[in-house]
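> Sequence first, predicted model second:
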Amino acid sequence: MDTCTCNKNYTLDTLIPQVGVITDIREETPDVKTFRVNAPEGGKLFEHMPGQCAMVCAPGISEGMFSITSSPTNREFQEFSIKRCGVLTEYLHSLQVGDEITVRGPYGNHFPVETELKGKNLLFIAGGIGLAPLRSVINYVLDNRENYGTVDILYGSRSADDLVQLKEIQEVWMKTEGVNVYLTIDREQEVWDGHVGFVPNYLKEVGFSTDKTALVCGPPIMIKFVLAALMEMGFSKEQVYTTLELRMKCGIGKCGRCNIGSKYVCKDGPVFRCDEIDELPNEY
Amino acid sequence: MLKIEKEKLPELFAKIAAGQELYLPVNISGQVNFAAWDEEVQVDLTTLKSVKSPKDAFFPQSENLYTCKREGKKITIEPEELKNQSFVVFGMKACDVQGLKVLDQVFLSDPVDTFYAARREHGVIVALACHEPEETCFCKVFGIDCAEPAADVAAWMAGEELFFKPLTEKGEALTKSLEGLLTPAGEAGEQAVEEEKAAIRAIVEKLPYSNLSLEGWNGDALTEKFDSPLWEELYKPCLACGTCTFVCPTCQCYDIKDYNTGHGVQRYRCWDSCMYSDFTMMAHGNNRTSQMQRFRQRFMHKLVYFPANNDGMYSCVGCGRCVEKCPAALNIVKVIKSFQKQGGEK
Amino acid sequence: MQELIKRAKELLADGTVVRVLGWKAGDLPYNPEPAYFAKDTDFADFVYNGFCGANLSKYMIEASKMEGKTLVFLKPCDTYSFNQLLKEHRVEREKAYIIGVGCKGKLDIEKIKALGIKGIQSISGAELTDEAETLTVQTLYGEKTCAYKDAMLERCHVCKGKEHKIYDELLLTSRDTTDADRFAEVARIEGLSPEEKFAFFQKELGKCIRCNACRNVCPACSCRKCVFDSNKFDSSQKANADSFEEKMFHIIRAFHVAGRCTDCGECSRVCPQGIPLHLFNRKFIKDIDEFYGEYQAGEDVDADAPLTSFTFEDVEPSVVSTRS
């Protein structure tokens, strides 16, 4: 944290953001853009871990929590993949390279890449924009390849046009040794000669062995059916991690709105192991 | 222990206020709330409960965090200055002092809320024992002794005098600055204070809520309490207003918003209420869509979630403000009693 | 009170209604809460006394969405609100079985406490059947008494009358409690200078904590989504971002309920800061009476509302500036 200039006894409050400059914008899909953000003087805004989030704000418009999609192993910048779905995201999509926003964070816990996941065979299962948090883990794992076992990535979207990070998937992930990528789209399309079908079904079709730890992220309905499929395939809940998303304002477990029971998603989450979720009251 | 005649209190307040800001219970247009002292205000130390708790001396209902200015594409952020001068809150009650301890658990835990921490550091609290507790009080249930408030200074009103006993370094410093006005209480004074304490405690024993049982309310009771069908009945009269939240000394939920001043954007935070329909609403949905869920959240937070995260500490101090102010006559006591009654019928 | 319970049980038993909306005794002598009753055993807690001030018409908005008919007990003044809600299609007549209950003025615990009565253990004289003019209060600090009238809500001193404006049947008798001029305080404020008026409202509204109790209890505030709850509106419903914010909230609300407010007084009853919010509404009512002829919202469902029906005799908008 920076030292606050107004009172030397305190460090800068975690609610005070930093200014970030948009240095690159990639149009991933018709409604998803990936924004690259740097500090105004260059370099990264902060260090983070895979799965962590940050509050991105267009001053005067609104502020929202987004997962950081770039890997911490990237030393130059942070990236956010943002889907247009409300007032804030609409505005962010109208921004150009060189525009400034504010960012505060990183917030929340992260995927246990340095502990529980180390040495494990990993199965990533993502739907739509849900790839954003997992991409951070995937690239982290690929950059520290020797620390992990096999890597399988199953990713699906509504259509071929809605697959985010396709270039990286095809040019990096698919070409990395020991990494298997399975892509699927919901409905047939002329341009698509790959697999067609919903993620949970494809998962069962492929029939992964249970010597893996699964990391799941996507729309709530997909997560629900993926979890059911994994259980059916013989996975235990202790082998599955996912992320939750609720309305957040402070990001530090104090403003009181993102709790499920006694857990705050912004602070105790967003990453939960599925057996932990079972202990929470059904209010998410 | 020291003392001062009640009629000399205006002099005491003037002397405190000469050195720092002074907040104390003030009657404005018929209602008593904590406000800054000046010679014009009508100080009221006899009304037992201020409408709002004095928590806003430390956690204001609305406060700016920073100002954001934009010049072309450039954004600059000017953080609001932290409190850096001492101030005195005079006349807080034991329950409200405990209320701050609850807020401390939230705001002083990592990462520290620096705005709150600065106010806590610079605030000097003179706590006043509760002369004549009322039927809505139930601080005893939470182990609070309103006859013996523990803050920087403890004070008692007995007879025509106010007794003053510093308990901390900050309290000693304040007391020292008031030399000349405060005189030694003497043995008679000590005796008067003991009598006052005994009188207070005797009344507390007779208060209707003093024997309220919190049995079964703890961090482990989560699923059992959460799934109870009782909530569906209890919430019915709730109007979904924020009265209970805003008068409460321990409610700490807040909202963060931007206000466009025309010369920049002011980022401020303000008290929020879990009772409000938009509290958990976001672009793609809301996880507490019914008033029953929101109502349940408030009481579960105070009696189950908070103890689960804070070594059993409840996020209620029994001040009874919600009992007095709820427009639909609902309150935490009724909730606790309903669960107890249901348990008894099982 | 027993006759209310008896009749309610009969109507439940013969299937006329499936639930009863009334008041349930609280755990203190003065805090009954609005409640639903469906089974015979529920009525053990049923209460109807001087502290049942809550206007149950507001709850009928929700009850109208429920399956089956609800028996609701309405005091004379509450029936105005029900009528107004009926006019605005917020409640359904067929979903309500209305028993008009008598009233001898409702009590304000804040007024009792303001008389210095505290540590309250029991209160006698608050029952509708009590002919006593005095409340006797047992407290931890001794027995206290106060005149019933001195403990009455402001609205009861300017009561609209003993007559129920809509009902299926009537129970218990009312008494006349009017002893003040409804518009006296409005007239007094009208007589102040602009500076004095501003100072008055600044002082009163400055106490507002934006809890929304006035809005949420108000039968006229029946919008499904309030403009102050909209995140698209450049105002905050929770905080006074600037010194005018709370005034804007109350002024907008007063404008929005103008011509529809029945002057039920619930806003002032529930305000935790004791702001005399009814004065805003009454100012509008007084003006409407003067400009368009006397009109009482909720008195007659079929009557034309002055602000929503145009006549050539209507005053010109410039009336405000030309008035002395």
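That came in fine, so what should we check first?

> May I ask which helix or strand encompasses residue 123?
By default, I'm working from chain A. Following DSSP states H and E, one finds A:Leu123 within strand A:121-127.

> hmm, I had chain C in mind actually
Under the criterion of DSSP H and E, C:Ile123 resides in strand C:120-124.

> Identify the residues contacting that strand?
B:134-135, B:208, C:28-30, C:112, C:130, C:132, C:135-140 (CB atoms under 8 Å, 6 or more residues apart in numbering or on different chains). In short, each C-beta sits where N, CA and C put it, glycine included.

> now swap in stretch C:57-67 and tell me
B:237, C:18-19, C:21, C:34, C:70, C:72, C:74, C:78-79, C:81-82, C:85, C:90-92, C:95-96, C:217-219, C:222, C:264, C:266.

> That stretch - what's its average pLDDT?
Averaged over stretch C:57-67, pLDDT sits at 96.

> Could I get the full set of strands for the stretch 51-200 of chain B?
Assigned by DSSP state E, counting those that start in this stretch, the stretch 51-200 of chain B shows strands spanning B:62-71, B:74-79, B:87-92, B:123-128, B:153-158, B:161-166, B:183-184.

> which one of the ones you listed lies closest to C:Phe310?
Nearest to C:Phe310 among those is strand B:62-71; the distance by CB to CB comes to 42.4 Å.

> So what angle separates the directions of that closest one and strand B:74-79?
For strand B:62-71 against strand B:74-79, the angle by axes from the mean of the first three to the mean of the last three CA atoms, to 10 degrees is 160 degrees.

> In strand B:62-71, which residues are buried?
Judged by neighbour count (16 or more other CB atoms under 10 Å in any protein chain shown), strand B:62-71 contains these buried residues: B:Ser62, B:Glu63, B:Asn64, B:Leu65, B:Tyr66, B:Thr67, B:Cys68.

> And stretch A:115-125, by the same measure?
The neighbour-count check on stretch A:115-125 (16+ other CB under 10 Å) flags A:Leu117, A:Lys120, A:Asn121, A:Leu122, A:Leu123, A:Phe124, A:Ile125 as buried.

> Between the two ends of that stretch, how far is it?
Stretch A:115-125 has an end-to-end distance of 20 Å (criterion: CA to CA, to the nearest Å).

> any residues touching it, and which ones?
A:111, A:134, A:137-138, A:141, A:147-155, A:199, A:203, A:208, A:211-218, A:226.

> Can you pull the domain assignment for chain A?
A:18-107, A:121-243 (automatic domain parsing).

> what's the average pLDDT for the shortest one?
When the per-residue pLDDT values of domain A:18-107 are averaged, the result is 93.

> what's the span of that domain, first residue to last?
Distance between the boundary residues of domain A:18-107 (CA to CA) amounts to 14 Å.

> so who does residue 173 touch?
Reading this off chain A. A:Ile138, A:Leu142, A:Ile153, A:Val179, A:Val181.

> Wait, chain B was what I had in mind.
Going by CB under 8 Å, 6+ apart, the list of residues near B:Ala173 reads B:Val124.

> Quick one: neighbours of C:Arg188, just the number.
Residues within reach of C:Arg188, counting by other CB atoms under 10 Å in any protein chain shown, total 11.

> follow-up on the earlier one: closest one of the buried residues of strand B:62-71 to B:Leu181?
Looking across the buried residues of strand B:62-71 and measuring by CB to CB, the closest to B:Leu181 is B:Glu63, at 32.9 Å.

> Near chain C, which residues of chain A are found?
Neighbours of chain C within chain A, by CB under 8 Å from any CB of the partner chain: A:Ser62, A:Val87.

> Kindly recompute the last result at 10 Å.
A:Gly60, A:Ser62, A:Gly86, A:Val87 (CB under 10 Å from any CB of the partner chain).

> Confirm for me that the last one is in contact with A:Ile61.
Meaning A:Val87. Yes: counting by CB atoms under 10 Å, A:Val87 does reach A:Ile61; the two are 6.6 Å apart.

> from the contacts of stretch A:115-125, which ones fall inside strands?
If you go by DSSP state E, the contacts of stretch A:115-125 have A:Val151, A:Asp152, A:Ile153, A:Leu154, A:Tyr155, A:Lys212, A:Thr213, A:Ala214, A:Leu215, A:Val216, A:Cys217 in strands.
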